[in-house]
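Chemist: have a look; sequence and predicted model below, questions after that.
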Number of protein chains: 2
Amino acid sequence: PPKGEHDARSMVFADLTRDEYTQVRDYMLGQKSLDLTNDALAKPSQNFLFLIELSLPKKKDALGYLDQNSPKPSREATAVVFHGANGQIIEYVVGPLPNPTYFKDVTQKRYNKTLPISARTVTIGEYALLFKFTRAEVYSKLPKLLKESFDVDKDKTINEFEQMPRGVKSGDRITWISFFRDMSGMYIHPVGLEVQVKHQSLNESEWTVERVLYNGRYFNTVEDLRAKYEAGNVSKIVYKETRDYGSLKPKVRPLQVPPLQYYPEGKRFSVENNHVLYLDWSFAFGLSSLTGMRAFDVRFKGERIVYELSVQEAMSVYGSVTPGMALTKFLDSSIGIGRFAHELARGVDCPYDATYVTTHRYIDVSAPVRFKNSICVFEHNTGQPLRRHFSDFFHNSYGGLVNSALVFRTITAIGNYDYMWDFVFYQNGALEAKVHATGYMSTSYLVEGSKKYGHQVADKVLGNIHTHFVNFKVDMDVLGVKNVFLTKDMKYANVSMPWDPSHHAMVPQLVEEQLKTEKAAALRYGTVTPRYLHVASRALNRWGHERSYRLQVTSFAGDPLPESAPEEKAMSWSRYKVAITKHKDAEQTSSSLYSQNDIWSPAVDFSKYIADDESIDNEDLVAWITTGFLHIPHAEDVPNTVTVGNGGGVLLRPHNYFDVDPSSESPDAVHIEP
Amino acid sequence: PPKGEHDARSMVFADLTRDEYTQVRDYMLGQKSLDLTNDALAKPSQNFLFLIELSLPKKKDALGYLDQNSPKPSREATAVVFHGANGQIIEYVVGPLPNPTYFKDVTQKRYNKTLPISARTVTIGEYALLFKFTRAEVYSKLPKLLKESFDVDKDKTINEFEQMPRGVKSGDRITWISFFRDMSGMYIHPVGLEVQVKHQSLNESEWTVERVLYNGRYFNTVEDLRAKYEAGNVSKIVYKETRDYGSLKPKVRPLQVPPLQYYPEGKRFSVENNHVLYLDWSFAFGLSSLTGMRAFDVRFKGERIVYELSVQEAMSVYGSVTPGMALTKFLDSSIGIGRFAHELARGVDCPYDATYVTTHRYIDVSAPVRFKNSICVFEHNTGQPLRRHFSDFFHNSYGGLVNSALVFRTITAIGNYDYMWDFVFYQNGALEAKVHATGYMSTSYLVEGSKKYGHQVADKVLGNIHTHFVNFKVDMDVLGVKNVFLTKDMKYANVSMPWDPSHHAMVPQLVEEQLKTEKAAALRYGTVTPRYLHVASRALNRWGHERSYRLQVTSFAGDPLPESAPEEKAMSWSRYKVAITKHKDAEQTSSSLYSQNDIWSPAVDFSKYIADDESIDNEDLVAWITTGFLHIPHAEDVPNTVTVGNGGGVLLRPHNYFDVDPSSESPDAVHIEP
Ligand SMILES: [Ca+2]
Ligand SMILES: [Ca+2]
Ligand SMILES: [Ca+2]
Ligand SMILES: [Ca+2]
Ligand SMILES: [Cu+2]
Ligand SMILES: [Cu+2]
């Protein structure tokens, strides 16, 4: 049985229920003036109700409710409508739940601008039209080429995977679509055909093929390619069977099963609604369809440490000589990170006897969808001590504590890549947010000049160099919302020895500094940053030191995109390993749903949060943490990138927050005396 | 049952058996000309047989034996004698085992110099004399002070812990001894008394107290302190009971036990003699009393990847205003890292049902000592997938593989600190060497000026700032001994788009370089180093790329000691995050037994391995990896530093070594189709 009791107030952060989604949908569809559709195959010219999700309460209201018995904040939803009919995207707040009576256009308030319809995510409806378009405008015009080069016929097809952004300037919706064999792990089976489709018009009959790439050569039209191909003026790709190297099917029979973990005396944690209890920890959780997994009101021994810990964005910049991937910059939250948190496989994705949580979402659908077992929660024995000491002189004794920690996990399979997201809660009051990448890498068909951009990983397949950058929001509240940002590091000082002043030595000294403004606390990649970074309270621990949590970032990130690039503002968070801003409800996320498709003029440019250079001295601070890794693909990325070594994260560690290590009070402690 | 078969040739790397130690000892004691003693309380003026350990075979001989059916190299021991009688340390090679017939002085050959007796480790015998000395020269002269300040009387004492190096120049043996309460975790109970003892003479009757520090004030003699103390001219420390905050005793009763791991179908690994089999892995192992844990002839699928992976050194540089710790630079292999690999606690240090290995050592003893269960080997289910992909469009399927890996571990409790050493063997052919620190930090009594050097962590106790640096030797042999060192990284290039040449964009490109000499490949901390570092063969994988293993270092190291410091040469390995040298049998270790006590003129200066700037182009390469962390102590280091966040390591990952991820052939793979 877990310590403590569940707190239903966590529901203030709960995702909408299936019923609530339906209520909001039906209420909005009932607004005749809006003329909305929830047809999952709605056309771009229609007014499509794309997304419904929880509208987070204002922090002040939530804290009042949690801490001061203020009334529960009104429960509201955000509804995103792609108004094809008038060329705009509008965000509505709808409330109160469960029986909505109002809806308000909050677009201007949230983004200080209108959102052009060209910024919208490509919906299932638009994909359906795109598939139809390529069938009509590409496939049907190239039957011979497709058969000879790719073995495409009435029984066999190839698949499409598109690159983003879709063009080079605001308003563009011109997408390079790459084609892949219709095999499992298609992403590592490029065939050598890419087609640039202009689907800017909301009227799909105006869409056009702009260019075609076949076997490394460009053609202005499909017809041109066909003509030259049939005239024998094109270097042909001749179809060959490929080994099914992307398959994840076991190649040998199971031998012995690997070691398994079990709870000999039952689970020491409990999940009720969206609230988790584990030893001294408690927290609320949610799963945004857009940004993914998040925790709120994270407490240790009853004290709130973190108001919000959330995934913000996963971004990759690719290099290639081929057109699709040459410009590719994926911003996953524009498609939806949490959207792709599918069912977790017991025994592989999480231990067999984890607790699995089912979630519901409403994004690009006509009705809410249930995702069974899409979150897992488990206690994990890491197989190592959290602390231990063995002594055999002066005193003979052994004391130790196994490092058993709670893991809260989702895995999101966004197209080719699967990101594993972990929040880990340790017995010493430390808390970690981690991400690891697995799944299929993106590849391109190997042509002249390819190898400047990666390594060959299969026959005619290049694994393209790319960066992985991930952003976490860490709204720590260390003993309340008024905090300061401190740095600590070492320096060598040439010191005279007090007992022998003629002797000097280089001695490490502690260097402490407070960074007082947002610009000072925006710590860029590529610069030397102090080794210890702390969100601190002015309150002192028993020994006179400011009570703090240290942010320890692990990252193997590549270079952020140069600021001169026109797409950079949509990923300006990736400049900073750590950036500290003054909390604002209006600055809820570092990225936005609209960043991918209007990357040149993004709805959210994180660097603006810093540009006003506000004071962060005794304010409500939010830390934005960027981690990631440079990925130079190699043969062993086939079939899948492995999680080992491919990740990053941030550890939030108490540093003079307590008077003593709280794990010293763990009931798991072991002590042996002779 | 494990795959493969054990190979008794691993015994070429096996530590000496109990019988072998005894044979060497008895043979050496039988050499009357040497006049040796094995009395564990031998005095410095005697000829003390300090150490016996395996003398590693020459690599060429070992490889001949392993790979070409050459005869087994002669089995030899190294015997270290502290020749107090003539003021020298001599290293002997003794062989052949099991019935030695020769001993050879190899000191000059190994170190190109003679080793002064002042470079020797302080033995148990010398400690006994030091304790006797402080009792006679300090305790007995200050009974009133010791009683009033520290409650010392016939029933109660204080304990000593000394700082190193012992002086400021070669030949010095002048040690600041700090005193601590006689409590468990004494290291965090400093009392405010330090005494500088000159024990340079091999005749202990010539030892002297040089200085005394009491409550932050220096005195030239004990008598002076006593006189002033009794005259009331000294600011007194008044004894107070202290909470037993260093105790590791559980403070609450066990509730539920944490999750446990078990092997539902038995162990998938096997340990026979010094040989381990685990799935596709095999390796030999040993445990040097000096440098600690090591693996040899590490193979994956039968191919040797690593000839030697070994711990080399653990070093810390401290800062303090107090005299002992102001100059402290601990070099643990001079005391012995493996020496302190004690029995591991089942269920805390390693899982309950790990395989435990008993070892024997001969260091600073009179007979070999047995260390029960001092190594553990276990397979660990990390609770996360090694790889996985979920697909629900075009193809519906799930494939994954749980990350279950073999861990080979020792934990060495060297005085205050416990280092946990792990070698981890993954199913994708990756291999990791990690270290984590736990145990008690070193502290000093809080006086005026202390806080420049750390944080207060208890009443009158300062946790002193310090660095942790650890060095690993990684002698990779990638498809034989002839290897090259390659680097890979990214750069942004301003590229014109082939389909629209007027449009330019910043596109990531792959940058590859070969570093061809030792100096070029000595990658310093504090400089920008390429992100990918590879030990490669000129042999190509199926896709035309040089087969390589990548070295991925995780480190949170502080600043290395400036090279201007006279002690730096003894730790010159710590300058380099990664340094690549050409293999030489004569360059077996990056540090030495004699570094601590002759730190100013060390027997091994690693930087000399590089100074000749040899070619590393198609040579036998050795990578020397430094990792560590800056430790700014905080209240939560009491009672013990926790392992979480306090570590570092190096991951050796296949990178185009294979043609495909070898874990794709794991029998643990799981695949689900609808
Ligand atoms: Ca601001
Ligand atoms: Ca805050
Ligand atoms: Ca050399
Ligand atoms: Ca080598
Ligand atoms: Cu990647
Ligand atoms: Cu430390």
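Modeler: Perfect, thanks for sending it. Ligands and ions are numbered 1, 2, ... in the order given.

Chemist: going forward, measure contacts and count neighbours with C-alpha atoms only.
Modeler: OK.

Chemist: where along the stretch 551-674 of chain A do the strands fall?
Modeler: A:576-582, A:621-631, A:647-655, A:670-672 (DSSP state E, counting those that start in this stretch).

Chemist: the third one pairs with which strands, parallel or anti?
Modeler: In the sheet containing strand A:647-655, its partner strands are strand A:431-439 (antiparallel), strand A:546-554 (antiparallel), by DSSP bridges.

Chemist: and the first one, average pLDDT?
Modeler: Meaning strand A:431-439. Within the predicted structure, the mean pLDDT of strand A:431-439 is 98.

Chemist: what's the first helix or strand after that strand?
Modeler: Using DSSP states H and E, the helix or strand that follows strand A:431-439 in sequence is strand A:443-445.

Chemist: circling back to that earlier point, compare the strands paired with strand A:647-655 and give me the one nearest B:V24.
Modeler: strand A:546-554 (48.2 Å; CA to CA).

Chemist: just give me how far that closest one sits from the chain centre.
Modeler: Averaging C-alpha positions (CA atoms, centre = their mean, to the nearest Å) puts strand A:546-554 22 Å from its chain's average.

Chemist: how far off centre is the longest helix anywhere in chain A?
Modeler: Ranked by residue count, the top helix of chain A under DSSP state H comes out as helix A:124-137. Centroid separation for helix A:124-137 versus its chain: 28 Å, with CA atoms, centre = their mean.

Chemist: what does stretch A:40-55 give?
Modeler: Per CA atoms, centre = their mean, the centroid offset for stretch A:40-55 relative to its chain is 22 Å.

Chemist: name the residues that touch that stretch?
Modeler: With contact meaning CA atoms under 8 Å, 6 or more residues apart in numbering or on different chains, stretch A:40-55 is reached by A:14-16, A:21, A:24-25, A:34-39, A:75-85, A:93, A:124-126, A:128, A:202-204, A:288-289, A:361-366.

Chemist: ok, 6 Å please
Modeler: For stretch A:40-55, contacts defined as CA atoms under 6 Å, 6 or more residues apart in numbering or on different chains pick out A:15-16, A:36-38, A:76-85, A:125, A:202, A:362-366.

Chemist: what's the first-to-last distance across it?
Modeler: 23 Å (CA to CA, to the nearest Å).

Chemist: state the mean pLDDT of that stretch.
Modeler: For stretch A:40-55, the per-residue pLDDT averages 97.

Chemist: quick one: buried residues of it?
Modeler: A:40-55 (16 or more other CA atoms under 10 Å in any protein chain shown).

Chemist: what do you get for stretch A:246-265?
Modeler: Buried positions in stretch A:246-265, judged by neighbour count with 16+ other CA under 10 Å: A:G246, A:S247, A:L248, A:K249, A:P250, A:Q256, A:P258, A:P259, A:L260, A:Q261, A:Y262, A:Y263.

Chemist: in the residues you listed, which has the lowest confidence score?
Modeler: A:Q256 (88).

Chemist: excluding its backbone neighbours, what's nearest that one?
Modeler: B:E265 (5.7 Å; CA to CA, 6 or more residues apart in numbering or on different chains).

Chemist: looking at the strands paired with strand A:647-655, which is nearest to B:E343?
Modeler: Using CA to CA, these put strand A:431-439 closest to B:E343, at 30.6 Å.

Chemist: how about the secondary structure of A:M28?
Modeler: Of the three states, A:M28 takes helix according to DSSP: H, G, I helix; E, B strand; the rest coil.

Chemist: what distance do you get for it to A:Y21?
Modeler: 11 Å.

Chemist: now do A:V622
Modeler: 30 Å.

Chemist: which residue ranges of the stretch 351-500 of chain A form strands?
Modeler: A:355-363, A:369-393, A:395-414, A:417-425, A:431-439, A:443-445, A:454-458, A:461-464, A:466-476, A:484-497, A:500-515.

Chemist: rewinding a little: out of the strands of the stretch 551-674 of chain A, which comes closest to ligand 4?
Modeler: strand A:621-631 (25.8 Å; CA to the ion).
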